[in-house]
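Q: the sequence isn't on hand, but the structure is:
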């Protein structure tokens, strides 16, 4: 009885704190720059022929009969293998009706993504400027997530239906797309029609009232928390990231089998996004740098009316997360644009020649998420040491509102020196090596008949 009472107290203290932890649910800015070096020399990619751009509607209409059976098999797999998976409502199951006017809507409902997503045909440009004759899309043309300031640094080159594009360009461009709104507003308490219909229930963590925060359970997973946190906050186990990874792997394989390589590569890129998310330390642990005991103590203070410590912890965790993204994205982009050989430890790790292991559905959880969590405390400590105080220690600052955050790497280099930049990058080598190996295994598995 006393054991039960103790757990009840721990649950109340820890759960309240973790549920208040509402940082942004994006992981790496510009997933393209982390994915490209990991897969650009993979034989499954380099030996693939160019693919013809094809609208989602055309792909679905061409494969509708076979797709119904495939989605039914995917649903059976998810129910049997994804922990805490909320079953697809029967009314949303995909069936082949032959109605081209509704096929897109029926498919998006069946895989339970935001029905308002945009799926234009494009590739993300790198290096040299896009020729003037090429049509550029705006961030608003590709995203419904409101993250337009982050996308303003990218160039989206439109593809015409039937236009050929390299497999690598399609895959790498697509790997950023899940942050463009695929997973926002899907829970019952998100106040959306999709959330009311999809059967996911209430959002287990993240802020259900924030547009971007509503995607948290699809992009974050806390698989390796301490036993006390798992006992106290079982809702943390209700991540749907493994569902998305498995869903898109199977859809990609289906597209390749049916001769629709463009969507094979695009679905592959979507799946790699979620694997990459698990390598972000702030996505693989509920509160980096905080022990369970410390979380309990801070929440206890909040329960007796002293809310300052908890509010401060939540804001600082959010700020450090956003600061790390803003620090790395321009740094990696600029070196990637210069081309190999790379000097940055992250790009050297991602591009290292390794043979892909055999893929298993447990690899993202056991390899990538474990490495992401293991690095979290060190990464958090280094951020507070080397980043300017307003990014890591001032709870009155909202880093997401600082446009100058995208020049953070230059500031750290100027104020702390090259060694600080290298040390920060080296602290992420292990989780990104796990991402590299898992990504290569994933792509190879998708392309294996």
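A: That came through fine. If you're wondering where the values come from, they're calculated on a predicted model, not measured in any experiment. Numbering: from 1, shown residues only.

Q: and residue 72, its phi and psi?
A: In terms of degrees, to the nearest 10, the main-chain angles of residue 72 are phi -60, psi -40.

Q: helices along the stretch 51-200 of the chain, start to end?
A: Secondary structure of the stretch 51-200 of the chain, counting by DSSP state H, counting those that start in this stretch: helices at 56-81, 103-110, 139-142, 148-151, 167-174, 193-197.

Q: give me whichever of the ones you listed is most buried.
A: helix 167-174 (a mean of 26; mean count of other CB atoms under 10 Å). Heads up, the C-betas are built off the backbone N, CA and C, glycines and all.

Q: what is that helix packed up against?
A: Secondary-structure packing of helix 167-174 (3 or more CB pairs under 8 Å, 6 or more residues apart in numbering; DSSP states H and E): helix 31-39, helix 43-46, strand 122-125, helix 261-278.

Q: which one, of the helices of the stretch 51-200 of the chain, ends up nearest to residue 349?
A: With CB to CB as the criterion, residue 349 lies closest to helix 167-174 of the helices of the stretch 51-200 of the chain, at 17.4 Å.

Q: for that closest one, what does the pLDDT average out to?
A: For helix 167-174, the mean per-residue pLDDT is 98.

Q: what's in contact with it?
A: Defining contact as CB atoms under 8 Å, 6 or more residues apart in numbering, one finds that helix 167-174 is touched by 32, 35-36, 39-40, 45-46, 48-51, 122-124, 156, 261-262, 265-270, 272, 443.

Q: quick check: ChimeraX command selecting the buried ones in those.
A: Burial among those is assessed by 16 or more other CB atoms under 10 Å; the matching ChimeraX selection reads:
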select :32,35,36,39,40,45,48,51,122,123,124,156,261,262,265,266,267,268,269,270,272,443
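
Q: list the contacts for the closest residue to residue 98 other than its chain neighbours?
A: The shortest distance from residue 98 to any non-neighbouring residue, by CB to CB, 6 or more residues apart in numbering, is to residue 64 (7.0 Å). For residue 64, the contacting residues are 96-98, 103, by CB under 8 Å, 6+ apart.

Q: using TSV, lay out those residues together with pLDDT and distance to residue 421.
A: Formatted as TSV, these follow (pLDDT from 0 to 100; distance: CB to CB, whole Å):
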residue	pLDDT	distance to residue 421
96	96	54
97	96	56
98	95	57
103	98	49
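
Q: which of the helices of the stretch 51-200 of the chain comes out lowest on mean pLDDT?
A: helix 148-151 (a mean of 85).

Q: contacting residues for the closest residue to residue 167 other than its chain neighbours?
A: In this structure, residue 167 finds its nearest non-sequential neighbour in residue 48, 4.0 Å apart by CB to CB, 6+ apart. Residue 48 sits next to 167, 261, 265, 447 when contact means CB under 8 Å, 6+ apart.

Q: surely the last one and residue 44 touch.
A: Yes: with the criterion set as CB atoms under 8 Å, residue 447 and residue 44 qualify as a contacting pair; they are 4.2 Å apart.

Q: these two: who's more crowded?
A: It is residue 447, of residue 447 and residue 44, that has more neighbours when counted by other CB atoms under 10 Å, with 21 against 18.

Q: what's the separation between the more buried one and residue 260?
A: Between residue 447 and residue 260 the computed distance is 14 Å (CB to CB, to the nearest Å).

Q: just residue 148 next, same as before
A: Taken as CB to CB, the span from residue 148 to residue 260 is 30 Å.

Q: tell me how far residue 337 lies from residue 330.
A: Taken as CB to CB, the span from residue 337 to residue 330 is 10 Å.

Q: shaky segments in the stretch 151-300 of the chain?
A: 232 (pLDDT under 70).

Q: mind listing the strands in this structure by residue range?
A: 51-52, 122-125, 136-137, 155-158, 164-165 (DSSP state E).

Q: and residue 8, what pLDDT?
A: 48.

Q: closest to residue 390 out of the contacts of residue 48?
A: Among the contacts of residue 48, and counting by CB to CB, the member closest to residue 390 is residue 265, at 41.1 Å.

Q: just to revisit the earlier point, what about residue 337 and residue 330, which has more around it?
A: Shown here are residue 337 and residue 330; by other CB under 10 Å, residue 330 has more neighbours (19 against 11).

Q: what's the burial count for residue 90?
A: Residue 90 has 7 nearby residues by other CB under 10 Å.

Q: how close does it sit to residue 250?
A: For residue 90 relative to residue 250 (CB to CB), the value is 20 Å.

Q: low-confidence ranges in the stretch 301-449 of the chain?
A: For the stretch 301-449 of the chain, no range has pLDDT under 70.

Q: okay, helices next: where are they in it?
A: 308-338, 345-351, 363, 370-386, 389-392, 408-416, 418-426, 429-447.

Q: run through the bridge partners of residue 165.
A: On the basis of DSSP bridges, residue 165 is bridged to residue 51.

Q: give me every residue that touches it.
A: By CB under 8 Å, 6+ apart, the contact set of residue 165 is 50-51, 53, 123, 159, 262.

Q: and which of the residues you listed is nearest to residue 381?
A: Set against residue 381, the nearest of the contacts of residue 165 by CB to CB is residue 123 (38.6 Å).

Q: no more questions from me, cheers.
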